[in-house]
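1. I need the structure of the sequence given here:
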Amino acid sequence: MVKKRYAILFIALIIILLLSILVSSLLGRFTMSIGEVIQAVWIKLSFSRTDTFDNAINVLFKVRFPRIFVAIGVGMALSAAGASYQGLFRNPMVSPDILGVSSGACFGASIAILLEMNKFGIQMMAFVFGIGAVSLTYLVSEIAKNKSQGILMLVLAGMVTESIFSALLSSTKYLADSEDKLPAITFWLMGSLASVTSKDVKLLMTLLCIGYIPLYLVRWKINVMACGEEEAQAMGLNTKRLQLLIVGCSTLLAAASVSIAGKVGWTGLIVPHIARLLVGPDYKRLLPVTALIGGIFLLIVDDLCRTLILAEVPLGILTSLCGAPFFLYLLIKGKDNML
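-> Here you go, the predicted structure:
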C-alpha cells in the first residue's frame, strides 16, 4: 500500500512538473499559444527549416527553456542538499548554508564583481569560494573535534566560517564603488535567473548529476546516520567516509546553485519538510520527492518573479516571502512530522 501511494505521488509530481514547464514556456512578453510552443519544439527537434516560427524558436530555446531548466535544477539541488544536511545533522532546522557555503560563494562573487570579471568569472569565483568555505569548515572541525562530538564540531565550525565570510562580504560592499559595483553586488546577492543561458543549463545539470547521484545511491545510509553516529558505527558503516561524502555532495549542489542563481533562501529548508509530510522520513522516498518538489517550487516562484510586475522581482525576495509564512504553517500544522 505504501509503495503504491509513493508510486502515485511520484507520477503525479512528474506530471505537475511537466505541466509547469509547459505553462512557464507560455509566460513572457512574447505571447505564445500552446500550439505554437508544440510546433516550435517539433520544428527544432526535427531540424526542419522554416521562417514562420523563427521568433518563437529563438525565444523558447535561447531565453525561456534555459531559464526554466536552470530554475528546476537549482530547486532540485538546494532541496536535495537541504534534505541530506538535515539527515546528517539530525536537525530539521538545518539549511544548505549551514557550513558556510552561501556566505563563501557570495564573498567570491563580490570579489569577482570588484575585479570586473565577466559572468563566467563571477560564477567560478562563487563556486570556488563556496567549496573553499566548506573545506575550511571541515578542516577546522577535524582539528577541534573529539570522538563524541564530530557532528557538533562541524556545525560550530560552520557557524564560525559563516561569520567570517559574512564579515568579509560586508567589507567588500564597504569598499565597492557606490555608483556601480555596490548595486551590482547587492543585486547579485538577491538572486536572479534573468541572464542564464544554455551554457548555464549544461554546467548546472552536470554538477547536479555529480552531486545528486551519489546521495541517491547512499540514501538508505542517510537513514542510519539520521539515527545517530554511534548507531551507524554499530551497524558497520564508516561514518567518517559517509559524512565526508554527504557533506561533499551536498556542498557541491549548494555551491553550484548559488554560483548560478545567487543567494536563494528557504528552498533548501522548507521543501524537505513538505516532502517529509507527504512520504515520511525514509530517505529512499524522501530524497527523490524532495528534488521534484524543489524543482516545481522554484520554477513557479521564478515565473512569479518575471510576471508579477513589469520590472523583474529578485528571486531571493520571493522565496523568502513564500518560504517564511509557509514554514510557520508547517511548524503549527505539521510539527509532529517535522522531527
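
2. got a list of what Trp42 touches?
-> For Trp42, the contacting residues are Ser48, by C-beta atoms under 8 Å, 6 or more residues apart in numbering. For glycine as for every other residue, the C-beta is placed from the backbone atoms N, C-alpha and C.

3. strands of the stretch 1-150 of the chain, start to end?
-> Using DSSP state E, counting those that start in this stretch, no strands are assigned anywhere in the stretch 1-150 of the chain.

4. any stretches of it with poor pLDDT?
-> For the stretch 1-150 of the chain, the stretches flagged by pLDDT under 70 are 1, 49-52, 146-150.

5. residue nearest the centroid of the protein?
-> Leu78 (2.3 Å; C-alpha atoms, centre = their mean).

6. how near is that one to Arg67?
-> Separation of Leu78 from Arg67 (C-beta to C-beta, to the nearest Å) stands at 16 Å.

7. now swap in Val247 and tell me
-> Distance of Val247 to Arg67, given as C-beta to C-beta: 30 Å.

8. now Leu182
-> 26 Å.

9. looking at these two, which one has more neighbours?
-> A count of neighbours by other C-beta atoms under 10 Å puts Arg67 above the other of Leu182 and Arg67, at 24 against 18.

10. so who does the more buried one touch?
-> Contact partners of Arg67, counting by C-beta under 8 Å, 6+ apart, are Leu193, Ala194, Val196, Asp302.

11. with Ala40 instead?
-> Met32, Phe53, Ala56, Ile57, Leu60.

12. for Ile270, which residues are in contact?
-> For Ile270, the contact set (C-beta under 8 Å, 6+ apart) comprises Gly323, Phe326, Phe327, Leu330.

13. any chance of those in a markdown table with pLDDT and secondary structure as columns?
-> Shown next, in a markdown table, are the contacts of Ile270 (pLDDT from 0 to 100; DSSP: H, G, I helix; E, B strand; the rest coil):
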| residue | pLDDT | secondary structure |
| --- | --- | --- |
| Gly323 | 82 | helix |
| Phe326 | 80 | helix |
| Phe327 | 78 | helix |
| Leu330 | 71 | helix |
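
14. can you redo these as a markdown table with distance to Leu298?
-> As requested, the contacts of Ile270 are exported to a markdown table (distance: C-beta to C-beta, whole Å):
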| residue | distance to Leu298 |
| --- | --- |
| Gly323 | 11 |
| Phe326 | 14 |
| Phe327 | 16 |
| Leu330 | 18 |
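
15. among those residues, name the buried ones.
-> Burial by neighbour count, judged by 16 or more other C-beta atoms under 10 Å, picks out Gly323, Phe326, Phe327, Leu330 from these.

16. for Asn55, see how far away the third one is.
-> According to C-beta to C-beta, Phe327 stands 42 Å off from Asn55.

17. please apply the same query to Ile143.
-> According to C-beta to C-beta, Ile143 stands 59 Å off from Asn55.

18. which one of these two has more residues nearby?
-> Just comparing Ile143 and Asn55: by other C-beta under 10 Å the higher neighbour count belongs to Asn55, 13 against 9.

19. just give the nearest non-adjacent residue to that one, would you?
-> Nearest residue to Asn55 in three dimensions, chain neighbours excluded: Phe30, at 7.2 Å (C-beta to C-beta, 6 or more residues apart in numbering).

20. do the same with Lys284
-> Here the residue nearest Lys284, using C-beta to C-beta, 6+ apart, is Arg219, at 5.4 Å.

21. how about Leu287?
-> Of all residues not flanking Leu287 in the chain, Arg219 sits nearest, at 4.9 Å (C-beta to C-beta, 6+ apart).

22. residues in contact with the one you found?
-> Contacts of Arg219 were listed using C-beta under 8 Å, 6+ apart, and they are Tyr283, Lys284, Leu286, Leu287.

23. for Glu179, give me phi and psi.
-> phi -90, psi -20 (degrees, to the nearest 10).

24. ok, which stretches of the stretch 1-150 of the chain are helices?
-> 2-26, 34-45, 54-59, 65-89, 101-114, 119-144, 150-175 (DSSP state H, counting those that start in this stretch).

25. which of these sits closest to Cys227?
-> Closest to Cys227 of those is helix 65-89 (C-beta to C-beta; 9.7 Å).

26. turn the contacts of Arg219 into CSV, including pLDDT and secondary structure.
-> Converted to CSV, the contacts of Arg219 look like this (pLDDT from 0 to 100; three-state DSSP):
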residue, pLDDT, secondary structure
Tyr283, 94, helix
Lys284, 93, helix
Leu286, 96, helix
Leu287, 96, helix
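
27. give me the buried entries from the residues you listed.
-> Tyr283, Leu286, Leu287.

28. rewinding a little: for Leu208, which of the helices of the stretch 1-150 of the chain is the nearest?
-> Nearest to Leu208, of all these, is helix 65-89, at 5.3 Å by C-beta to C-beta.

29. next, the angle from that closest one to helix 2-26.
-> 150 degrees (axes from the mean of the first three to the mean of the last three C-alpha atoms, to 10 degrees).

30. now find how far off-centre helix 65-89 is within its chain.
-> Relative to the centre of its chain, helix 65-89 is centred 3 Å away, using C-alpha atoms, centre = their mean, to the nearest Å.

31. from Arg64, how far out is Ala311?
-> In this structure, Ala311 and Arg64 are 18 Å apart, going by C-beta to C-beta.
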